[in-house]
Every structure is written in C-alpha cells, then in structure tokens.
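Student: I'd like to go over a predicted model; first the sequence, then the structure.
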Amino acid sequence: HCGCKNKAIFPEGIKQSVQYGSRLTSLSVYLHDYQLIPYERSCELLSDVCGCEISPSTLIRAEKTCFEQLEGFEQQIKNLLRQSHVINCDETGMRIEGKRQWLHVACTGEMTYYHSHQKRGSEAMNDMDILPDYTGTVVHDFWKPYYKYNCNHSICNAHLLRELTGISENYKQLWSKEMSDLLINIKTSVDKVREISGYLKLEKIKEFEYCYDRIVCTGLEENPPLQIRSKKRGRNKQTTAKNLLDRFMNYKNDIVRFMYDLKVPFENNLAERDVRMMKVQQKISGTFRSVQGARSFCRIRSYISTVKKNQLSVMKAIQDAIDGKPFVPTIV
C-alpha cells in the first residue's frame, strides 16, 4: 500500500540462493563428531529423517567450517588451562593414516583439550603449549617426561593401588597391603575434611607421614639390596616389588599431594574418562585417514567435551560455533 518496493536483508551467513542452513550443518557435525556415526551412515540418516540428499564431502566441509570457527576457542582453552590450579593429563595411542600415533589430553572439571601428535613424550607435550609455562599441579600416571616440567606433580593413586595389590598377591609382601590401606585411609579422611574445611590438620598429616615412613622401612626389610652384582654393565635388575618401593621412597610428596592440597584429586580418573570416548571412536573407525582429519576431530571433541562439562546443549553449542559464536568457559 505504500507504493514502494521493499526488500528484506538476507540472514547472516546466507551467501547462495540455495544452501544448507547452520542448523542442518551443525546436525551433521553433531552426528559424526559427537555421536560418532560414520560419514555414510550420517548421510543416510539425514536423508531418511530430514529428506536431504547430502554427500560425505558436504559433511567434511561442515566439519572444516566448525574446525576453523573454533580456533579462538582452542587458544582460550589453552590459556585457561595454564592458569588452572590443577590439571589432569594423560596420553593414549591412536592410529592416523594406518600408523600408531598419540592422543594427549589436558583437562579440568570444566574444560578439555585434545592434541594429536606423532610422539608420546616431551616433544608432543611442548607442542601442546601448556606444560612448558605451567606452574600449578599436574596429575598424571607417572609417565617420566612429565617430570621435565617445573611444576608440582601428583601421581595417580588408583594406578598405585592396583600395583600394590599385584605385589601383595604375587610376592606376598606385607608392606604393600599396609601402604594400600594407608592410602585409602588418607583419602577417606581428606574426603570428610573437604566437606567442612580447606585443609587437613597438621597433627593428622604428621600421623599419616609417620605411618607412611614406617611402612617404607618395612618394605626395605622385605626387599634388601642385592649383594651380588651382575656381570653386565649398568644397574642391577630389581624385582617389581623393589621398583615400586623405590617409587614410594623417592616420590612421597607427589604420591600424597592430595593430602597437602585438598584441591588435588586422589586419582587421574578425570583425564582417563576424557580419553575413553576417543578410544571408542578408534574402535569404530580404526584409523584417521589424514593428519588434518585427526586435528579437526580433536579440536571439535575438545569443544564438545567442554560444553558437556558445563551442562550445555551440544547441538546448540555446535550451531553457535558454526555461526561464529562458540561457547568459552570462564572458570579457572
């Protein structure tokens, strides 16, 4: 009625006369990278449910878009992890182009960062760009390259309990059962105190330290030093029991750090849970076909894991990322 021709503005992100919207694009990423459905089956599902004949190459382009939009998120997550008081780290094997490579994870209760690399040791950790400048406490499974970094260390006690059980069952030694009971008693006390206070009383810490040192002395009596030197060069080969006892002797502070700092967890289960779904993906696909494909999957899964930890909708968060507005946590 106004006598003028009115023309609406196209929504942001619409560049072609016919194209898929961000909702469908995010759904394709959701199916493959979150639900771990292979490309061809994802295309079949989209065809059956949405009536869209989408090719696998279209899904790959959707992943590429999501990967590119999450570059800023990845940098922010690494910055936040460097500032965290405690982080959990772990690594596991993964196959890329049919070759064995490694997946590394650094995480907290609010965020996750995955990193794929050809190596398992410090070269890969340096490339992650978190631990070289980290000054807090890193929880790990006693993988020696972690000790190259100038930060506090906490050893996963769940692993130690399994090793202590093995020593008790296979070598019938007393110290291992006593040490296992002590670690569980310390954990019980720490869990109770954590609910009402931020620290364990000094007299209780002294009591646990005394028990710890006494058990180590018992272990030394059960595992005396070898008197006969081997003719081979280098150190004498020790028993599994003596190797574990040496770890308890030399890394006491790292083993019971959860007693001194109640923010430090008893075990490394957080990192192991974050690794678990990545192992499921490997069981489904067998291998990544390219290094870039592995990098893309790691970055997107870092985002998905972080979103899940913050109890947000994964589908909406992926769409926000594709629209250029990814979620970034602010908790350190």
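Tutor: Received it, and whenever you're ready, just let me know what you need.

Student: put the alpha carbons of the strand or helix carrying D48 into PDB.
Tutor: D48 belongs to helix 39-50 when assigned by DSSP states H and E. Listed in PDB are the C-alpha atoms of helix 39-50, where the atom choice follows Å, rounded to 0.1, in the frame of the first residue of the first chain:
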ATOM      1  CA  TYR A  39      30.000 -40.300   7.300                       C
ATOM      2  CA  GLU A  40      28.000 -42.500   5.000                       C
ATOM      3  CA  ARG A  41      25.600 -43.600   7.800                       C
ATOM      4  CA  SER A  42      25.200 -39.900   8.800                       C
ATOM      5  CA  CYS A  43      24.200 -39.100   5.200                       C
ATOM      6  CA  GLU A  44      21.700 -41.900   5.200                       C
ATOM      7  CA  LEU A  45      20.200 -40.800   8.500                       C
ATOM      8  CA  LEU A  46      19.900 -37.200   7.200                       C
ATOM      9  CA  SER A  47      18.200 -38.500   4.100                       C
ATOM     10  CA  ASP A  48      15.700 -40.600   6.000                       C
ATOM     11  CA  VAL A  49      14.900 -38.100   8.700                       C
ATOM     12  CA  CYS A  50      15.300 -34.700   7.000                       C
END
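
Student: report the angle between the helix or strand following that helix and helix 39-50.
Tutor: Later in the chain than helix 39-50, the nearest helix or strand by DSSP H and E is helix 56-69. Per axes from the mean of the first three to the mean of the last three Cα atoms, to 10 degrees, the angle that helix 56-69 makes with helix 39-50 is 100 degrees.

Student: and the closest residue to H117 other than its chain neighbours, what does it touch?
Tutor: With Cβ to Cβ, 6 or more residues apart in numbering as the criterion, H117 has its nearest non-adjacent residue at 3.6 Å, and that residue is A124. For the C-beta atoms, the positions are set from N, CA and C on the backbone; glycine is no exception. Residues in contact with A124, defined by Cβ atoms under 8 Å, 6 or more residues apart in numbering, are E91, W102, H104, H115, H117, Q118.

Student: now the strands: where do they sit in the stretch 151-300 of the chain?
Tutor: 152-155 (DSSP state E, counting those that start in this stretch).

Student: measure the residue nearest to H117 to F73 for me?
Tutor: Remark: distance between A124 and F73 (Cβ to Cβ, to the nearest Å) = 21 Å.

Student: quick one on the thing from earlier: in the helix holding D48, what counts as buried?
Tutor: Y39, S42, C43, L45, L46 (16 or more other Cβ atoms under 10 Å).

Student: kindly report the same for stretch 238-247.
Tutor: By neighbour count with 16+ other Cβ under 10 Å, stretch 238-247 contains the buried residues A241, K242, L244, L245, R247.

Student: follow-up on the earlier one: output the buried residues of helix 39-50 as CSV; include the columns pLDDT and distance to R194.
Tutor: Formatted as CSV, the buried residues of helix 39-50 follow (pLDDT from 0 to 100; distance: Cβ to Cβ, whole Å):
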residue, pLDDT, distance to R194
Y39, 91, 46
S42, 93, 44
C43, 93, 49
L45, 93, 45
L46, 92, 47
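
Student: what does the pLDDT read for G21?
Tutor: Residue-level confidence at G21 comes out at 73, pLDDT.

Student: burial count for it?
Tutor: 13 (other Cβ atoms under 10 Å).

Student: mind listing what's buried along the strand ranked longest in the chain?
Tutor: Counting residues, the longest strand found in the chain (DSSP state E) is strand 86-96. Neighbour-count burial for strand 86-96, counted by 16+ other Cβ under 10 Å, picks out V86, I87, N88, C89, D90, E91, T92, M94, I96.

Student: between all of those residues, which two are separated the most?
Tutor: V86 and I96 (30.1 Å; Cβ to Cβ).

Student: so E123 versus P145, what's the distance?
Tutor: Separation of E123 from P145 (Cβ to Cβ) stands at 9 Å.

Student: settle it for me: which of these two has more neighbours?
Tutor: P145 (17 against 11).

Student: pretty sure K64 sits against S296.
Tutor: Yes. Judged on Cβ atoms under 8 Å, K64 makes contact with S296 at a distance of 6.9 Å.

Student: which one of the two is surrounded by more residues?
Tutor: Per other Cβ under 10 Å, whichever of K64 and S296 has more neighbours is S296, with 21 against 13.

Student: roughly how far apart are that one and R61?
Tutor: 11 Å.

Student: picking that back up, quick one: what helix or strand has the residue nearest to H117 in it?
Tutor: Following DSSP H and E, one finds A124 within helix 122-128.

Student: where do the helices sit along the chain?
Tutor: Taking DSSP state H as the test, the helices found in the chain are 22-29, 39-50, 56-69, 71-83, 122-128, 157-171, 174-194, 202-222, 240-250, 252-255, 257-260, 269-285, 291-309, 314-322.

Student: with respect to H140, which of those helices lies nearest?
Tutor: Once the helices of the chain are compared by Cβ to Cβ, helix 269-285 is nearest, at 7.9 Å.

Student: buried set for the closest one?
Tutor: Per 16+ other Cβ under 10 Å, helix 269-285 contains these buried residues: L270, A271, E272, D274, V275, M278, Q281, Q282.
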